[in-house]
Each structure stands twice: as C-alpha cells, then as structure tokens.
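Trainee: okay, here's the prediction I keep looking at, along with the sequence it came from:
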Amino acid sequence: MTLPPLADRAIVVGARAADWREAVRLAGDALVDSGCTTAEYTEAMIRMVDDHGPYIVIAPGLALAHARPGADVRCEGLSVVTLAEPVEFGHAHNDPVRVVIGLAGVAPDAHLASVAALANAFNDSSAIAAVAAATTRDQVRAILQGRSGA
C-alpha cells in the first residue's frame, strides 16, 4: 500500500491558522492547488467536523481531514500542512494539532486504501513529531515515504 502522490503544491510547512476551520481550509486549499479537488470539497471537509465533531483528530497532534468521495474530487490526492502553532479541534485526548493531512479519494475503496497507507505511515508515533518539525517539503515527503513502505 502506498500513499497518493504528494505534489509540492500539496505540502505547506509552518503555516499559521487561527482555528481548526482555518487549519482544515489550508489542507483543502493545498488539495485544490495540486489539482485534486474543487473548493467545494474543502467546504465538505469542514462540514464533516461540524456535523460529526473532531473525530478526524486520529492521534495526538494529527488530524486527517477528508470528506466523502464524489464529484468534487478530480483525482486521488493527499496534502500535508504543518502548523507553526498548534490549534485545538476540541478532541478530548489528541489536541492540540500540529499536522493536518488532507485526503481526497475518487472512490470508496481507493479512499480506504489511502487511509490504511496513512495509518501505516504514522504507525510509529515519532512520525507525527518528525513531520511537525520538518522545515522543507522534501523532509515531509521523505518522512512519509520512508514510513509508508513506498
């Protein structure tokens, strides 16, 4: 299992976000900038948290922003945003968040495969801290590829 391609435009290092909505929007904007989704997908990612709470905060310091596959997804995509200052999503155990991953899948099966590959990439808890501390896109890419088996 490998991660979807991670284009330069899909990686934002040291971003600033006032709150979780802005952090998710940064991840969504990076998916849009890389050509994988439309702006409507970004809004759908935010609605998922509004509707279902901070379930996307899947590990201490890590949020996996996503929405359902659909017409707003042009291709499989992944974005990574590291935050200069962590933000609270309202998760009882895993806040604050320093790394926001944006995930877009064209079909449910591909979407699940990408989630599994991400779980493998972050299986080692030090990977979250390493990505959060990365200062370049190449460092982020190397950490994720090195831990995903790609």
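Mentor: Perfect, thanks for sending it.

Trainee: in the chain, which strand is the longest?
Mentor: In the chain, taking DSSP state E as the definition, the longest strand is strand 77-87.

Trainee: neighbouring strands - and their directions - for the helix or strand just after that one?
Mentor: Downstream of strand 77-87, the first helix or strand assigned by DSSP states H and E is strand 97-104. Strand 97-104 has the following strand partners under DSSP bridges: strand 62-66 (parallel), strand 77-87 (antiparallel).

Trainee: run the angle between the lowest-mean-pLDDT helix or strand in the chain and strand 97-104 for me.
Mentor: Lowest by mean pLDDT, DSSP states H and E among the helices and strands of the chain is helix 108-121, with a mean of 72. Regarding helix 108-121 and strand 97-104, their directions subtend 150 degrees when assessed with axes from the mean of the first three to the mean of the last three C-alpha atoms, to 10 degrees.

Trainee: residues contacting residue 32?
Mentor: Shown in contact with residue 32 (C-beta atoms under 8 Å, 6 or more residues apart in numbering): 38, 39, 41, 42. Yep, even glycine has a C-beta here, placed from its N, CA and C like the rest.

Trainee: buried sites along the helix or strand harbouring it?
Mentor: Using DSSP H and E, residue 32 sits within helix 20-33. By 16 or more other C-beta atoms under 10 Å, the buried positions in helix 20-33 come out as 20, 23, 24, 25, 26, 27, 28, 29, 30, 31, 32.

Trainee: need the pLDDT of the last one.
Mentor: Residue-level confidence at residue 32 comes out at 97, pLDDT.

Trainee: now the second one
Mentor: For residue 23, the pLDDT comes out at 98.

Trainee: how about it, nearest residue that isn't a chain neighbour?
Mentor: residue 17 (3.9 Å; C-beta to C-beta, 6 or more residues apart in numbering).

Trainee: quick check: that neighbour touching residue 26?
Mentor: Yes: when contacts are counted by C-beta atoms under 8 Å, residue 17 is listed as touching residue 26 (6.0 Å).

Trainee: many thanks, we can stop here.
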